[in-house]
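In: Provided below for reference: sequence and predicted model.
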Amino acid sequence: MAIPGEEAVELARRAADAAKSLAELKQAVESFEGCNLRASARNTVFPGHQGSLPVLVFGATPSAEDDREGNAFSGAHGELLSRMFGAIGIALEDMTLAQTVPWRPPGGRPPTPAEAEICRPFAMRLITLAKPRFVVMLGNFTARFFTGSTEAIHALRGQWYEIGTPPTQAVAMLHPQDLIAAPLSKRLAWADLLAFEARLKEANA
């Protein structure tokens, strides 16, 4: 039986707040039973460790490959994301990779607003515990989830926001799926990657 939305959100918040490390948070997500998506997914897709760079990358929901492998950005999306960041000298394994919603919705449908809100405490706690210098928000759903905007990713891409507690700098970018669907957008993605590279260098100066 599904737990009512408000109660499920509160249960998620308590479980997330109790986690004191990424490993504990991953365990909390894997054992959480308040979201119906968990019942239909093969695997929970949530990082239990972080990369060497202070960069946290969020996608939207697990792909079919993610669901099968249990890791974010498996398959074609991961291959393209690897090429994207590799072009500015960053390896995927050096970043922390996550999906905003840790369970694949049936058939790959978008999460409902209620499902997204149940998952929100885990995503926000991930930011707090990972302590990234920068968060990259990929695609429409992710950018809207964290910023509260109703604009499309083409209006949000390249813009910087502060999200999480304490406030963390976050930038919206095109998702690999956006580039697969519209290859002409690769020039926009390249411009955003160059701007991100400049921001990293500025932070490390």
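Out: Right, received. Where do you want to start?
In: The residue nearest the centre of the chain bridge partners, please.
Out: Centroid-nearest residue in the chain, with CA atoms, centre = their mean: residue 58, separated by 1.9 Å. On the basis of DSSP bridges, residue 58 is bridged to residue 98, residue 137.
In: Who are the contact partners of it?
Out: Neighbouring residues of residue 58 by CB atoms under 8 Å, 6 or more residues apart in numbering: 98-100, 123, 135-138, 142, 146. (C-beta placed from N, C-alpha, C; glycine too.)
In: Now the residues you listed in CSV, please, with extra columns for distance to residue 174.
Out: Formatted as CSV, the contacts of residue 58 follow (distance: CB to CB, whole Å):
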residue, distance to residue 174
98, 17
99, 16
100, 16
123, 20
135, 15
136, 11
137, 10
138, 7
142, 11
146, 15
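In: doesn't residue 26 make contact with residue 46?
Out: Yes - shown here, residue 46 and residue 26 form a contact pair, counting by CB atoms under 8 Å, at 5.0 Å.
In: Comparing those two, which shows the higher neighbour count?
Out: Here residue 46 and residue 26 are compared on neighbour count by other CB atoms under 10 Å; more neighbours surround residue 46, at 24 against 19.
In: Quickly note the distance from that one to residue 129.
Out: In this view, residue 46 and residue 129 are 12 Å apart by CB to CB, to the nearest Å.
In: ok, now residue 120?
Out: Between residue 120 and residue 129 the computed distance is 15 Å (CB to CB).
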